[in-house]
Structure formats: structure tokens, C-alpha cells
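>>> The sequence and its predicted three-dimensional model are supplied below.
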Amino acid sequence: MFLQLLKSKSKEENELSKLFDHIRETQAIDVVGRGTVVIEPETIFDSPEFKKALERAASIVKR
């Protein structure tokens with residue numbers, strides 16, 4: 001466990017951190033209890049990152 005704290009973040013972890021930072025700026029996120037995160041669905045669905053990922057997923061499925 002401790003050694004995982006010393007390693008650098010992966011590309012995926014960095015991208016997730018950026019998304020959470022963006023969501024925090026919009027005040028559409030709440031932390032409830034220990035580690036439970038509640039995010040407004042509209043914030044996710046309206047984000048350009050989600051729309052881009054949705055298009056990418058659709059292109060993969062069409063293959």
C-alpha cells in the first residue's frame with residue numbers, strides 16, 4: 001500500500017483527476033459520509049469529455 005503512494009500516477013489516473021477538478025469547480029459534487037461522492041448527472045452528460053467518449057464508444061460498437 002505504501003509503495004503505491006510513491007509511484008507516479010498513470011495517464012488514466014491523471015485524466016480522472018482533471019475531470020474531478022473540473023466538476024468540483026462547477027459545485028455539482030457533494031461528498032457524503034466516508035468516500036461517497038454524489039455528482040449531478042447533468043454535469044456529466046453535458047460535459048464535452050462525456051460527449052467525446054460517447055462518440056468514441058459508438059464508433060467502436062459500429063466496427
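It's in.
>>> show me where pLDDT drops low in this structure?
Applying pLDDT under 70 to the chain picks out residues 1-6, 20, 22-28.
>>> Show me where it has its strands.
Ranges of strands in the chain, per DSSP state E, are 29-32, 36-39.
>>> If you count contacts, what does the first one end up packed against?
Judged by 3 or more CB pairs under 8 Å, 6 or more residues apart in numbering; DSSP states H and E, strand 29-32 is in contact with strand 36-39. Where you see a C-beta, it was placed from the backbone N, CA and C, and this is true even at glycine.
>>> strands paired with the strand it packs on, and their directions?
strand 29-32 (antiparallel) (DSSP bridges).
>>> hang on, the earlier thing: with respect to Ser8, which of the strands of the chain lies nearest?
Closest approach to Ser8 among these is made by strand 36-39 (23.6 Å; CB to CB).
>>> separation between the closest residue to Val37 other than its chain neighbours and Val38?
Nearest non-adjacent residue to Val37, counting by CB to CB, 6 or more residues apart in numbering: Val31, 5.8 Å away. Val31 sits 8 Å away from Val38, going by CB to CB, to the nearest Å.
>>> Give me the common contacts of the two.
The contact sets of Val31 and Val38 do not overlap (CB atoms under 8 Å, 6 or more residues apart in numbering).
>>> Of the strands of the chain, which is nearest Lys11?
Across those, closest to Lys11 is strand 36-39 (CB to CB), at 21.5 Å.
>>> Do a quick rundown of the helices in this protein.
Residue ranges of the helices in the chain, as given by DSSP state H, are 2-6, 11-25, 41-45, 48-62.
>>> possible to save those helices as TSV with mean neighbour count?
As requested, the helices of the chain are arranged in TSV below (neighbours: other CB atoms under 10 Å):
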stretch	mean neighbour count
helix 2-6	6
helix 11-25	11
helix 41-45	11
helix 48-62	10
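>>> Kindly reformat the strands of the chain as a markdown table containing mean neighbour count.
Converted to a markdown table, the strands of the chain look like this (neighbours: other CB under 10 Å):
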| stretch | mean neighbour count |
| --- | --- |
| strand 29-32 | 11 |
| strand 36-39 | 11 |
